[in-house]
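Enquirer: Return a 3D structure for these sequence lines:
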Amino acid sequence: MSVSSVSGVMLGIDDAAFLSAALRRLIEVSAQRGGRAVPRVYELEHQLASAAKCSVEGTSEWLDEPRPAVSEMQLIETSTAAARLGVSDRNVRALAARGTLTARRVAGRWLIDADAVEERSQKRGNQLP
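Expert: Below you'll find the predicted structure:
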């Protein structure tokens, strides 16, 4: 008999829903205080909400809440973000990797939150093209 090792954590549906709601609240509080949660928080919230939603037939209270902020992001290419900020593509990728600029990594490429770019641009006094 062979035993295989599993790396990770298993959560029940209720725990996934609870953690998703807690992370969504963290995102909201960060926004109210003029900040942004790091991209990994958006990613985890989205994954937990999706897992909980996919695991349940029917509707419950926590499924009726609005989709997480990550799904509402308008994502733009690194080159577009760089042009709007007046910096290099490399600089934008570095900002995304550090979590300074809200972004998602999809298929090995960074996609940047357009609102985060606009916000950063306004703070720096840049005019968006």
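Enquirer: if I look at residue 30, how far off is residue 79?
Expert: 28 Å (Cβ to Cβ, to the nearest Å). All C-beta spots, glycine's among them, are computed from the backbone N, C-alpha and C.
Enquirer: And those two? Which one has more around it.
Expert: Taking neighbours as other Cβ atoms under 10 Å, residue 30 and residue 79 compare with residue 30 leading, 15 against 12.
Enquirer: and the more buried one, what helix or strand is that in?
Expert: For residue 30, the host element (DSSP states H and E) is helix 13-32.
Enquirer: After the helix or strand of the chain with the lowest mean pLDDT, which helix or strand is next? Please name it.
Expert: Ranking every helix and strand in the chain by mean pLDDT, DSSP states H and E puts helix 69-72 at the bottom, with a mean of 51. Using DSSP H and E, the next helix or strand after helix 69-72 towards the C-terminus is strand 75-77.
Enquirer: quick one: buried residues of the helix or strand following that next one?
Expert: Using DSSP H and E, the helix or strand that follows strand 75-77 towards the C-terminus is helix 78-85. Neighbour-count burial for helix 78-85, counted by 16 or more other Cβ atoms under 10 Å, picks out 78, 80, 81, 82, 83, 84, 85.
Enquirer: From residue 108, how far off is the third one?
Expert: If I follow you right, that is residue 81. Taking Cβ to Cβ, one finds residue 81 at 17 Å from residue 108.
Enquirer: Mind telling me what element the residue nearest in space to the middle of the chain is part of?
Expert: Central residue of the chain (Cα atoms, centre = their mean): residue 42, 2.9 Å from the mean position. Residue 42 belongs to helix 39-54 when assigned by DSSP H and E.
Enquirer: still on that earlier bit, hang on, the residue nearest to the centre of the chain packs against residue 105?
Expert: No - contact between residue 42 and residue 105 fails when scored by Cβ atoms under 8 Å: they sit 11.7 Å apart.
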